[in-house]
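1. curious how this folds, go ahead:
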Amino acid sequence: MRKCKSCGQYTLKDRCPDCGGKAVNPGPGPFSPEDKYGKHRRKEKLKKGE
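-> Purely as a prediction, here's the structure:
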């Protein structure tokens, strides 16, 4: 499912059927236990205090 950047309409296509704007994935990527950079990302997040 994708969401149009211009009007906020949800669609399954790359372009919005209503306004013709670009449709993007609105959510985060899926979790992977084999994430090879996860350790580094968590380390940086702790450094920044987020």
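
2. and C4, how many neighbours?
-> The burial metric for C4, expressed as a neighbour count using other C-beta atoms under 10 Å, is 21. Heads up, the C-betas are built off the backbone N, CA and C, glycines and all.

3. tell me the pLDDT of it.
-> We have a pLDDT of 93 for C4.

4. for the one 5 residues further on, same thing?
-> In this model, Q9 is scored at 93, pLDDT.

5. pretty sure it is touching C19, no?
-> Yes: applying C-beta atoms under 8 Å as the test, Q9 and C19 come out as touching, 7.3 Å apart.

6. for E50, give me the pLDDT.
-> The predicted local confidence for E50 comes out at a pLDDT of 59.

7. K45 sits in which helix or strand?
-> Remark: K45 resides in helix 38-48, with elements defined by DSSP states H and E.

8. next one: that helix to chain centre, how far?
-> Distance of helix 38-48 from the chain centroid (C-alpha atoms, centre = their mean, to the nearest Å) equals 19 Å.
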